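**Student:** can't give you the sequence, but here's the structure:
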C-alpha cells in the first residue's frame, strides 16, 4: 500500500499514477497563451516545483496540440544542470500538466527591465552556463529555436537555466529546416533568408540575448517586420560602448556570436561546440568543470524576500479574472473512439512521466517537424508557451486587437 494523505476528503495513493492530487497548489508565478505557471509542493516529499498547465480547449482552438506533445517528448530526453528539467507529466480532463524544476529567481527579462544594463562579469557567467546548456541540447539533436531573455530563468542562487521548449525540434544531419519559428528579433539570418537552417541558429539567438543584457537594447530592430528583417540581414553590428562601457573581449565574443555566416559563428567551428568558449579571454580563468556542477558561486544575488515575477499573475486569479486551477477527478472509462481527434491525440500521446520511476527515452528520429497550419498568409497562429512576449519595440505580426502582451512566439510554414 502506498502512503496516503487527506486532500479534499480524498485519499491519495502515492504509489499510484501521479496526478494533481499529489501536489498542494501555491501562488501563480507566470502566465501564457493557454494557462499559468504555479508553485506546487509534492505532498509526500515536500519538494517545491513549478507546475505549467496547458488548457486543452485553448490548445486545440489554436492548433497547438502537436507542439504540446512535441514539447512533452523533448523534455523527457533532457536532463542538464542549466535547463529547467521535467520532473512529472500528466493530464486531467481539462489540462495537460508539466511539473518542472522551480526557479525562484525570475527570468532575465524581469531583471533587465528593472535593473537596466547588467554587469559584464554577471553576463559572462550566464553566457558560460547557457553555452553549456545549448551545446548539450545540440548533442541531443535538439534546436531550441526561441532563446531570448524571457526564456532564461534564474534559480535561487542566481544560476541561469533555459526554459520553454514549445517550438523546439529535433534536427537531422541529413537535411535542413525551413519552417519559421521563434521570436523575430532573435531569429538568425538563415531563417529569415529562407535558405534552410540547423542548430547553428541557437548561437545567433544567444548572441542577441547577451547583447541585450549588456546594452539593454537589441542590435537590430525595426518599426515593422519588413524593417526588422532588413536590419537583421544586412545592417552592420554596432556597440553603444560610449554610453555603456563593455570590454574589448566582450564585444569580440558578441561579434563571433552575431556572425551572419553560420560556419564562422562561435560554437559552430569545432566538433566540441564549447571549445571556442573555453579558450575565449572574456571568461578569464573560469573553471568550466566546476561551473557545470554548480560549484561556482553566481556573481548575481537573488533577493528571495521579494517576488521575482509579475505579481499581477496572482492578482488575476484572486480577482477571478480567470478560472482558478482546482483538483478534479478524471471521468472514468473514457471511450477514446468517441473523442474528437485532437483530444484523442492528447490522451494517447501526452503520456505520464515520473522522473523517479520512468526511464527516459529518446523520440529521435521519430519526431516530425511541427507546423502550425494557417488558412491564409496573414493569419499566423500562435503556439503554446508560458513565456511573456518580448519587450515592446518588436514589430507585431498580429493585429493590435488580437495580440496580448503574453502572446507566444510565432511559428508558421515557410
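**Tutor:** Received, thanks. Because the structure is predicted, anything quoted here is derived from the model rather than measured.
**Student:** surely residue 28 is in a strand?
**Tutor:** Yes - secondary structure of residue 28 (DSSP: H, G, I helix; E, B strand; the rest coil): part of a strand.
**Student:** from residue 145, how far off is it?
**Tutor:** 27 Å (CB to CB, to the nearest Å). In short, each C-beta sits where N, CA and C put it, glycine included.
**Student:** between those two, tell me which one has more neighbours.
**Tutor:** Using other CB atoms under 10 Å, the more surrounded residue of residue 28 and residue 145 is residue 145, with 28 against 25.
**Student:** for that one, which three-state class applies?
**Tutor:** coil.
**Student:** residue contacts, it?
**Tutor:** Residues near residue 145 by CB atoms under 8 Å, 6 or more residues apart in numbering: 167, 168, 169, 181, 182, 201, 202, 205.
**Student:** so what touches stretch 340-353?
**Tutor:** Residues from elsewhere that reach stretch 340-353 (CB under 8 Å, 6+ apart): 17-18, 56, 59-60, 65, 68-69, 72, 76, 86, 88-91, 96, 334, 336, 339, 358.
**Student:** residue contacts, residue 133?
**Tutor:** Neighbours of residue 133 in contact, by CB under 8 Å, 6+ apart: 80, 81, 82, 83, 161, 162.
**Student:** wait, residue 116
**Tutor:** residue 216.
**Student:** tell me the pLDDT at it?
**Tutor:** pLDDT, residue 116: 95.
**Student:** next up, phi/psi of it, please.
**Tutor:** Here is the backbone geometry of residue 116 (degrees, to the nearest 10): phi 80, psi -160.
**Student:** max-length helix in the chain?
**Tutor:** helix 120-139 (DSSP state H).
**Student:** which parts of the chain are helices?
**Tutor:** 56-61, 65-76, 108-115, 120-139, 189-192, 201-215, 225-234, 248-257, 275-278, 288-291, 312-318, 341-349.
**Student:** okay, the ones you listed, which one's buried deepest?
**Tutor:** helix 201-215 (a mean of 25; mean count of other CB atoms under 10 Å).
**Student:** who are the packing partners of it?
**Tutor:** helix 108-115, helix 120-139, helix 189-192, helix 248-257 (3 or more CB pairs under 8 Å, 6 or more residues apart in numbering; DSSP states H and E).
**Student:** with distance to residue 354 added, can I get the ones you listed in JSON lines?
**Tutor:** JSON lines is the format used below for the helices and strands packed on helix 201-215 (distance: least, CB to CB, whole Å):
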{"stretch": "helix 108-115", "distance to residue 354": "30"}
{"stretch": "helix 120-139", "distance to residue 354": "22"}
{"stretch": "helix 189-192", "distance to residue 354": "36"}
{"stretch": "helix 248-257", "distance to residue 354": "38"}
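**Student:** give the rounded mean pLDDT of stretch 261-270.
**Tutor:** Rounded mean pLDDT across stretch 261-270 is 96.
**Student:** so what touches that stretch?
**Tutor:** 131, 134-135, 188, 190, 197, 200-201, 203-204, 253, 256-257, 259, 273-274, 276-277, 280.
**Student:** next: stretch 286-296.
**Tutor:** Against stretch 286-296 from outside (CB under 8 Å, 6+ apart): 81, 82, 125, 128, 129, 132, 157, 159, 274, 278.
**Student:** export those to CSV and append columns for pLDDT and distance to residue 115.
**Tutor:** Listed next are the contacts of stretch 286-296 as CSV, based on pLDDT from 0 to 100; distance: CB to CB, whole Å:
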residue, pLDDT, distance to residue 115
81, 97, 25
82, 98, 21
125, 98, 15
128, 98, 20
129, 98, 19
132, 98, 24
157, 96, 18
159, 98, 17
274, 97, 28
278, 97, 28
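**Student:** out of the helices and strands packed on helix 201-215, flag the one nearest residue 173.
**Tutor:** Across the helices and strands packed on helix 201-215, residue 173 has its closest neighbour in helix 120-139 (11.1 Å, CB to CB).
**Student:** chain center to the closest one: distance?
**Tutor:** On the basis of CA atoms, centre = their mean, to the nearest Å, helix 120-139 is displaced by 15 Å from the centre of the chain it belongs to.
**Student:** how long is stretch 236-247 from one end to the other?
**Tutor:** 19 Å (CA to CA, to the nearest Å).
**Student:** now do the buried residues in that stretch.
**Tutor:** In terms of neighbour count (16 or more other CB atoms under 10 Å), stretch 236-247 has its buried residues at 239, 246.
**Student:** so residue 99 touches residue 84, yeah?
**Tutor:** No - using CB atoms under 8 Å, residue 99 is not in contact with residue 84; the gap is 11.0 Å.
**Student:** give me the common contacts of these two.
**Tutor:** Common neighbours of residue 99 and residue 84, using CB under 8 Å, 6+ apart, are residue 50.
**Student:** neighbours of residue 88, how many?
**Tutor:** For residue 88, using other CB under 10 Å, the count is 23.
**Student:** before we move on, what about residue 14?
**Tutor:** Neighbour count for residue 14, taken as other CB under 10 Å: 16.
**Student:** surely it touches residue 21?
**Tutor:** No - Residue 14 is beyond contact range of residue 21, at 9.6 Å (criterion: CB under 8 Å).
**Student:** how's the chain carved up into domains?
**Tutor:** 22-103+308-387, 115-291 (automatic domain parsing).
**Student:** redo these as CSV? Include distance to residue 302.
**Tutor:** Formatted as CSV, these follow (distance: least, CB to CB, whole Å):
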stretch, distance to residue 302
domain 22-103+308-387, 7
domain 115-291, 5
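**Student:** rank those domains by pLDDT, which is bottom?
**Tutor:** Note on those: domain 22-103+308-387 shows the lowest mean pLDDT, a mean of 77.
**Student:** of all the contacts of residue 145, which comes closest to residue 49?
**Tutor:** Of all those, residue 49 sits closest to residue 168, with 20.6 Å by CB to CB.
**Student:** can you tell me how far the closest one is from residue 359?
**Tutor:** Taken as CB to CB, the span from residue 168 to residue 359 is 22 Å.
**Student:** those two: who's more crowded?
**Tutor:** residue 168 (25 against 5).
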